[in-house]
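1. Take a look and give me a structure for this.
(chains A and B)
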Amino acid sequence: MFPIQAHALRSILQARLSISYPEDHRPMLSSDRSATFEQLALPLLPSLYNHACWLSRDQAEAEDLVQETLSKALRAFDSFQAGTNFKAWIFRILRNTFLTSRTGMTISHTVFLEDHPHLLETDDASPTPEDHLIRLDNQAVVREALEQLQAPLREVILLCDVEELKYKDIALVLDVPIGTVMSRLSRARRTLYQLLQPQFPETL
Amino acid sequence: MTQSNQAIEHLDPEQLNAFIDGELSADVAQGVQQHLDGCHHCALRVLGAMQMKAATARVGQRYTPSAEALSRLTARLRPQAPEPNEHIVPFRTVSSRHVALWSAVAAAILLTISLAGWQQIHQAHTLTAELLDQHLATLSSGAAPQVISTDRHTVKPWFQGRLPFSFNLPEPDALPPDTALQGADLVYLEGRPAALLIFSIHKHTVSVFVTQRTSAFSIAPHSTRSGFSVRSATAGEIRLIAVSNVNPAELDALVRDFAKVQ
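-> Presented below is the predicted three-dimensional model:
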């Protein structure tokens, strides 16, 4: 009934929801491919920039990071596998670009929790209802807590809550097993709770 | 404290996270839901976790690229775009080469102009197709908008932090007769975020797209595509585009009233 729309709708959905290509996806001409890349990447620019700022903690560096990410992604677009999540794919490139940058090299010396299982031991029981009396109404307080979080913990929270990636896609971005995503997320949220309730230190 | 009256154990933190992140299969999620119905303790934990997720989502969306940065990044998406012809040739050459040079410049200018013209037509065409696709997606029952509310005081604040601009919604009694707000969604047009407001006029659904007015694109104030009317208006920095199969005069009235309050 609407042949043109059906085609265009698919491309929009791909861009909006990062859903997979149809199975009969065939190699396209170069101009088509780069148009597809543009269609997929353009809506993600604000997200990539925001995430790059959080990673590098510097807006000028963040722009360079996104620039480099886009160049790499465009060059590697042939290797993007049909049926996988484009957003996760390009966020993974962003992360790797960051990790090989100067700031990233420094930050990657940060201890990863899974290398030190004792840090992950949850002797603390799950939060009691009273623990939830935390100050979420004050954005500045929440922002401060997020900033205080260790980089790997903050990263997983951002990918999950802000970028709304599924666990399996977060696992792809971080290049870790899905179980690690879950434990890191659990740890991140627990730490955020703790940071948000300095008025009840004894409940920690 | 009220404890669970069921023999089920409390949710462990990872289960709780998976629940609020929508990662559980339907039947497991249903089991959790049943537990929450009877367990005040866990229900409060879930509520707290959801509130914190919403808070971090809001706070985490903190950095927005400047318009200049965004256009530099957008330019990077098109590596094959022709370089501007600014380094053609120094001008101290013999006159016959001048002629050749000027012809080349003239041809380049003509080509650029016609390419720009073609691109604009092409983009306007693509934009209308995008609008109609979004509208059809709205009509399909499977795609509920993110905000379902008839209250403009709920809908407008929802866009805060999601859009790089602000706009006003007309009061219910300032709308044409039998016209009501039904909900809203965040969409992307031409790769830019836009507000999609869903109205009903009688039994017809109307999609009103609110975007920033950009000089690069234009859309005819009145057009029709596949039997749907498309109406466009600008007010200040805002561009409004309405799509529906309702009587065009009523669509005009809605767009007019909407533009009036900007």
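
2. In the chain, what helix or strand scores lowest on average pLDDT?
-> If you meant another chain, say so; for now it's chain A. Ranking every helix and strand in chain A by mean pLDDT, DSSP states H and E puts helix A:3-17 at the bottom, with a mean of 41.

3. Actually, chain B is the one I wanted.
-> Within chain B, confidence by mean pLDDT, DSSP H and E is lowest for helix B:95-139 among all helices and strands, at a mean of 70.

4. next SSE after that one?
-> Scanning forward in sequence from helix B:95-139 by DSSP states H and E, the next helix or strand is strand B:147-148.

5. For residue 176, which three-state class applies?
-> If you meant another chain, say so; for now it's chain A. With DSSP: H, G, I helix; E, B strand; the rest coil as the basis, A:Val176 sits in coil.

6. oops, I was thinking of chain B
-> Quick answer, by three-state DSSP: B:Pro176 is coil.

7. What number of residues are in the vicinity of it?
-> Residues lying near B:Pro176 (other CB atoms under 10 Å in any protein chain shown) number 16. No exception for glycine: its C-beta is placed from N, CA and C like everyone else's.

8. wouldn't it be in contact with B:Asp252 here?
-> No: checked against CB atoms under 8 Å, the pair B:Pro176 and B:Asp252 is beyond contact range at 9.4 Å.

9. ok now do residue 161, which residues does it touch?
-> The chain I'm using is chain A. A:Asp161 makes contact with B:53, B:56-57, B:60 under the criterion CB atoms under 8 Å, 6 or more residues apart in numbering or on different chains.

10. try again with chain B
-> Contact analysis of B:Gly161 by CB under 8 Å, 6+ apart lists B:58, B:61.

11. can you confirm it is in a helix?
-> No: counting by three-state DSSP, B:Gly161 is not part of a helix but coil.

12. can you count the residues close to the residue of chain B found nearest chain A?
-> Nearest to chain A in chain B, going by CB to the nearest CB, is B:Gly48, at a distance of 2.9 Å. Other residues near B:Gly48 come to 23 when the count uses other CB under 10 Å.

13. Helix or strand for it, just tell me which one.
-> Going by DSSP H and E, B:Gly48 is in helix B:40-60.

14. quick one on the thing from earlier: top of the contacts of A:Asp161 by neighbour count?
-> B:Thr56 (25 neighbours).

15. In space, what's closest to that residue - neighbours in sequence excluded?
-> Computed as CB to CB, 6 or more residues apart in numbering or on different chains, the closest residue to B:Thr56 that is not its neighbour in sequence is A:Asp161, at 4.6 Å.

16. Surely the one you found is within a strand?
-> No: counting by three-state DSSP, A:Asp161 falls outside a strand, being helix.

17. where are the low-confidence patches of chain B?
-> B:1-8, B:79-100, B:102, B:113-125, B:140-144, B:215-218 (pLDDT under 70).

18. Where does B:Ala233 sit: helix, strand or coil?
-> Secondary structure, three-state DSSP: B:Ala233 is strand.

19. Run through the strands of the stretch 151-262 of chain B in chain order.
-> B:179-189, B:192-201, B:204-212, B:222-225, B:228-235, B:238-244 (DSSP state E, counting those that start in this stretch).

20. and those as TSV, adding distance to B:Asn17?
-> Formatted as TSV, the strands of the stretch 151-262 of chain B follow (distance: least, CB to CB, whole Å):
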stretch	distance to B:Asn17
strand B:179-189	25
strand B:192-201	28
strand B:204-212	35
strand B:222-225	45
strand B:228-235	43
strand B:238-244	40
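
21. JSON lines for the ones you listed, including distance to B:Leu163 and mean neighbour count?
-> Converted to JSON lines, the strands of the stretch 151-262 of chain B look like this (distance: least, CB to CB, whole Å; neighbours: other CB atoms under 10 Å in any protein chain shown):
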{"stretch": "strand B:179-189", "distance to B:Leu163": "7", "mean neighbour count": "19"}
{"stretch": "strand B:192-201", "distance to B:Leu163": "5", "mean neighbour count": "22"}
{"stretch": "strand B:204-212", "distance to B:Leu163": "8", "mean neighbour count": "21"}
{"stretch": "strand B:222-225", "distance to B:Leu163": "25", "mean neighbour count": "14"}
{"stretch": "strand B:228-235", "distance to B:Leu163": "16", "mean neighbour count": "20"}
{"stretch": "strand B:238-244", "distance to B:Leu163": "11", "mean neighbour count": "23"}
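
22. Out of these, the one nearest B:Gln262 is which?
-> Evaluated over those, closeness to B:Gln262 peaks at strand B:228-235, with 3.6 Å, by CB to CB.

23. For chain A, tell me whether the closest one is touching it.
-> No: applying CB under 8 Å from any CB of the partner chain, one finds strand B:228-235 separated from chain A by no less than 10.1 Å.

24. CA atoms only for that strand - export them in PDB, please.
-> Taking C-alpha atoms only, strand B:228-235 is exported to PDB below (Å, rounded to 0.1, in the frame of the first residue of the first chain):
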ATOM      1  CA  PHE B 228      -2.600  12.400   4.300                       C
ATOM      2  CA  SER B 229      -2.500  16.200   4.700                       C
ATOM      3  CA  VAL B 230       0.800  17.800   5.800                       C
ATOM      4  CA  ARG B 231       0.700  21.300   7.200                       C
ATOM      5  CA  SER B 232       3.700  23.200   8.200                       C
ATOM      6  CA  ALA B 233       4.200  26.500  10.000                       C
ATOM      7  CA  THR B 234       7.000  28.300  11.800                       C
ATOM      8  CA  ALA B 235       6.800  30.400  14.900                       C
END
